[in-house]
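Undergrad: okay, here's the prediction I keep looking at, along with the sequence it came from:
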4 protein chains.
Amino acid sequence: MAQKKEAIHQDTKNRIFMTAAQLFATEGYDRVSIRQICEAVGVGKPTLYYYFKDKETLLHELINYSWSISEDLIEKYIENKSDYFEQIRGIIQARKIFAEKYPFFIRFFIMLNIMSVPENIRSALIQYTTNLFTELVRFLQNGQKLGHVAEETDIFILANTMVGTLNQLLMRHFFLDDKDAMSDENLSKLYQFWKNHLFQ
Amino acid sequence: MAQKKEAIHQDTKNRIFMTAAQLFATEGYDRVSIRQICEAVGVGKPTLYYYFKDKETLLHELINYSWSISEDLIEKYIENKSDYFEQIRGIIQARKIFAEKYPFFIRFFIMLNIMSVPENIRSALIQYTTNLFTELVRFLQNGQKLGHVAEETDIFILANTMVGTLNQLLMRHFFLDDKDAMSDENLSKLYQFWKNHLFQ
Amino acid sequence: MAQKKEAIHQDTKNRIFMTAAQLFATEGYDRVSIRQICEAVGVGKPTLYYYFKDKETLLHELINYSWSISEDLIEKYIENKSDYFEQIRGIIQARKIFAEKYPFFIRFFIMLNIMSVPENIRSALIQYTTNLFTELVRFLQNGQKLGHVAEETDIFILANTMVGTLNQLLMRHFFLDDKDAMSDENLSKLYQFWKNHLFQ
Amino acid sequence: MAQKKEAIHQDTKNRIFMTAAQLFATEGYDRVSIRQICEAVGVGKPTLYYYFKDKETLLHELINYSWSISEDLIEKYIENKSDYFEQIRGIIQARKIFAEKYPFFIRFFIMLNIMSVPENIRSALIQYTTNLFTELVRFLQNGQKLGHVAEETDIFILANTMVGTLNQLLMRHFFLDDKDAMSDENLSKLYQFWKNHLFQ
DNA sequence: CATGAATGAGCTTTCATTCAT
DNA sequence: CATGAATGAAAGCTCATTCAT
């Protein structure tokens, strides 16, 4: 019985979670009201407040969850590989899978990078982003040692080029509705481009 | 005398304009209220509505203005140059100047690309962005004819790489408060990187 | 316990309802603000909006209610009677009772016939009024068959005479503050007048 | 020159006057804003305030003007006639002409009888209406002396019947859009009805 | 005689949030 | 675990009116 209750509990909380993610992603955090979320889920407002302290907390939990997915993907598609170029391909692949499987979250995530969000959320985000970037830099420095990245290449610029280009394609995909931007064909061209121009 | 009046008129409208730009840029369109703008400017709400039909119109005019600045810079730093590599340097330079001279506007502009904004504003933005991207593609195709871009290089990927990297650095500058990202030194490294890796 | 809650609910909604009716009747729909209603009732504005979608809906519900009272009275004072002249007396009586028991509503109702109201409300009103008029016409046609109305009498004019006169007396009562207009004595004179001049 | 100026003056004032009458009549006093009037006329708001102290004064002047038209018609169609039944016909005729030639004013006038208007305007209206009613009563008392009205007929009820019926038809015409209500044919039936049922 | 610019007060409506049940 | 009912604060916007010119 307790189990069933727990299950229901999880279900309702999850429905609020997912609905909020979707609404925030498509309309923007500020534009979505608690009422809107509750109506979409089909529960009363006090129910939402039972699960989440306030709107900000809901956002925060959403970010954490979104982030954990992202980390899972990174581990699966990058850290598990041993070949260097496979890992590079993994960087691209992880983004693609994220975009395909969790479109709300990635949209939502891109948004957060720029959106005006409460300060504590902002700093959490910066922390996350910085960590990820640092990992990439380390990966590239290692590539330099291994001879895959030219000695004279500026690692900071290179890292920004990779991240920036991927973000750019995601933005085309999500905000300009350019569905080719993240197509397999295009990402394969991107990989070739990187192999030709950025690595050796 | 009429001149003075006109001047005052322009002054008030301009003050509203600039204040709104600044507030929108730092807090986000939805988070800034009409009252906030008016209080910051020191006028009553009806005064704002005297100059701008509604909040949305204010945003729209802000975008148009911001865009016209951007176009002026593009003309000045890119189209006026004759040497191909000078033009490439101009692309970087124009962004830097924009970021330095009109920080609110660029912040504001980056934000708009992702923010949830009214649909008609969104489509105007897409129009703008698409046009600019098309111009860049044309510029690179020409570079291919001139032999500055390798025959086998994918122009679409290249264009996205350039735009994406610049945006990435701007985001670091504005949203991660990484003031080095747009420093002269770093942009000069970027230019070298492009010369070495993307052009020939 | 649930009963008590329900009672309170109904109470608040009802208090808003009645207060609004009264205010609309005395000051006019446009002149009465939501704030005014809420202050008079002693609740916050969101409470009003909890029960009524918007000001227009409140008006609409008020009209429906007012109308349903009117129909109840018609049934009680007219349709239940069998004698033709008793029914005529009932027409007068129903108006009087309405005016006495629900002065706000009748004031309100007269007002609506002329006031500028939102279009959908206006058409509902026209519908109501037309239906009622049609019933009266049918009643008079029947009277002609029964020989109570002269063969050569124009039914349309007769119906308008009856309705118009009653409205005129109500207007005197409510808007010129002529409290005799709807007095028993006067209405009894009206009945005699109708018997003498309009029927046979 | 002064003449021309005066002419222009009168013209602008008149345009404001007529436009306001039309707007008040169709939308209701409260629903029409000063801005709306000025935009419809094509002048600035201070211009309106130059001619009329405030919105209330504009309404007041409108009522006075409307009233003077009404009195002119009464004189022309009633007081000039010598035959009693010609005068009765004149009562009907005057209303018809008023409705045809000055539709805005009559609409406007009907409205005022019920509308919520500032107190001083309300009392002026009551004054007007009462005077007119008194004149009608006197006319009917005189008819009684002349033998056109039966000895036992209640004059007060008779007067209300006449006024009420005419108002009712006007309301049908203007508010229910029943264009037959004030047609020549129908008014001629009304005259016959009155001759048959109310007079002798 | 007319205008552009400005204002204080007020409008209807919605927000995030909380209470008792 | 969920609900109906309520709230203070604030949103965007418009009102009638006035000033200097």
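TA: Noted; the coordinates are in hand. None of these values were measured; they are calculated from a predicted model.

Undergrad: mind checking the SS state of residue A:149?
TA: Using DSSP: H, G, I helix; E, B strand; the rest coil, the structure places residue A:149 in coil.

Undergrad: check what pLDDT it gets.
TA: Looking at residue A:149, its pLDDT stands at 97.

Undergrad: that one: neighbour count?
TA: Residue A:149 has 20 neighbours, counted by other Cβ atoms under 10 Å in any protein chain shown. Using the backbone N, CA and C atoms, a C-beta is placed for each residue, glycine as well.

Undergrad: how close does it sit to residue B:195?
TA: Distance of residue A:149 to residue B:195, given as Cβ to Cβ, to the nearest Å: 17 Å.

Undergrad: residue A:43 too?
TA: Applying Cβ to Cβ to residue A:43 and residue B:195 gives a distance of 58 Å.

Undergrad: residue A:167 is in what secondary structure piece?
TA: helix A:155-175 (DSSP states H and E).

Undergrad: would you mind measuring from the nearest residue to residue A:163 once chain neighbours are set aside to DNA strand F?
TA: Leaving aside its sequence neighbours, residue A:163 sits nearest to residue B:168 (Cβ to Cβ, 6 or more residues apart in numbering or on different chains; 5.8 Å). Distance from residue B:168 to DNA strand F, counting by Cβ to the nearest atom of the strand, to the nearest Å: 31 Å.

Undergrad: dump the residue contacts of residue A:84.
TA: Residue A:84 makes contacts with A:143, A:146, A:148, as judged by Cβ atoms under 8 Å, 6 or more residues apart in numbering or on different chains.

Undergrad: find the nearest non-adjacent residue to residue A:69, please.
TA: residue A:102 (5.9 Å).

Undergrad: can you count the residues close to residue A:76?
TA: 14.

Undergrad: so it touches residue A:94, yeah?
TA: Yes - using Cβ atoms under 8 Å, residue A:76 is in contact with residue A:94, at 7.4 Å.

Undergrad: with the contacts of residue A:84 in mind, which one is nearest to residue C:122?
TA: Nearest to residue C:122 among those, counting by Cβ to Cβ, is residue A:143 at 75.4 Å.

Undergrad: which helices and strands does the one helix or strand that closest one maps to pack with?
TA: Taking DSSP H and E as the criterion, residue A:143 maps to helix A:119-146. Where contact means 3 or more Cβ pairs under 8 Å, 6 or more residues apart in numbering or on different chains; DSSP states H and E, helix A:119-146 is packed against helix A:55-74, helix A:84-101, helix A:155-175.

Undergrad: make it 7 Å
TA: Contact here means 3 or more Cβ pairs under 7 Å, 6 or more residues apart in numbering or on different chains; DSSP states H and E; on that basis helix A:119-146 packs against helix A:55-74, helix A:155-175.

Undergrad: if you compare those, which one is most tucked away?
TA: Highest mean neighbour count among the helices and strands packed on helix A:119-146 (mean count of other Cβ atoms under 10 Å in any protein chain shown): helix A:155-175, with a mean of 22.

Undergrad: next SSE after it?
TA: Next along from helix A:155-175, by DSSP H and E: helix A:184-193.

Undergrad: next one: residue A:104 from residue A:62, what distance?
TA: Residue A:104 sits 9 Å away from residue A:62, going by Cβ to Cβ.

Undergrad: overlap in contacts of those two?
TA: Counting by Cβ atoms under 7 Å, 6 or more residues apart in numbering or on different chains, the residues touching both residue A:104 and residue A:62 are residue A:21.

Undergrad: any regions of chain A where pLDDT drops low?
TA: Judged by pLDDT under 70, chain A has its weakly predicted residues at A:1-9, A:108-118.

Undergrad: how is it divided into domains?
TA: A:1-52, A:63-198 (automatic domain parsing).

Undergrad: which one of those domains is the most hemmed in?
TA: domain A:63-198 (a mean of 17).

Undergrad: and the spatially most central residue of chain A, helix, strand or coil?
TA: By Cα atoms, centre = their mean, the mean C-alpha position of chain A lies nearest to residue A:106, the distance being 4.5 Å. When classified by three-state DSSP, residue A:106 comes out as helix.

Undergrad: quick one: contacts of stretch A:175-192?
TA: A:89, A:92, A:96, A:99, A:169-170, A:172-173, B:113-114, B:126, B:129, B:154, B:157.

Undergrad: go through the residues you listed and say which is closest to residue C:13.
TA: When the contacts of stretch A:175-192 are compared against residue C:13 (criterion: Cβ to Cβ), the nearest one is residue B:114, at 43.9 Å.

Undergrad: the nearest residue to residue A:32 once chain neighbours are set aside: what's it in contact with?
TA: Spatial nearest neighbour of residue A:32, chain neighbours left out: residue A:23 (4.4 Å); criterion: Cβ to Cβ, 6+ apart. Counting by Cβ under 7 Å, 6+ apart, residue A:23 touches A:32, A:36, A:37, A:40.

Undergrad: contact residues of chain A facing DNA strand E?
TA: A:32, A:33, A:34, A:35, A:36, A:45, A:46, A:49, A:54, A:55, A:56 (Cβ under 7 Å from any atom of the strand).

Undergrad: please repeat the previous calculation with a cut-off of 10 Å.
TA: Neighbours of DNA strand E within chain A, by Cβ under 10 Å from any atom of the strand: A:29-39, A:44-50, A:52-59.

Undergrad: coming back round to it: is it possible to get JSON lines of the domains of chain A that adds distance to residue B:71?
TA: Formatted as JSON lines, the domains of chain A follow (distance: least, Cβ to Cβ, whole Å):
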{"stretch": "domain A:1-52", "distance to residue B:71": "27"}
{"stretch": "domain A:63-198", "distance to residue B:71": "20"}
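
Undergrad: related to what we said a few turns ago, what's near enough to touch the residue nearest to residue A:163?
TA: A:160, A:163, A:164, A:167.

Undergrad: can you give me the distance of the last one to residue A:132?
TA: Using Cβ to Cβ, residue A:167 is found at 12 Å from residue A:132.

Undergrad: over to residue A:16?
TA: Distance from residue A:16 to residue A:132, counting by Cβ to Cβ: 28 Å.

Undergrad: residue A:45 too?
TA: For residue A:45, the distance to residue A:132 equals 36 Å [Cβ to Cβ].

Undergrad: need phi/psi at residue A:180.
TA: Here is the backbone geometry of residue A:180 (degrees, to the nearest 10): phi -70, psi -30.

Undergrad: swap in residue A:147?
TA: phi 90, psi 10.

Undergrad: now swap in residue A:33 and tell me
TA: phi -100, psi 160.

Undergrad: so which residues on chain A come close to chain C?
TA: For chain A, the contact set with chain C under Cβ under 7 Å from any Cβ of the partner chain is empty.
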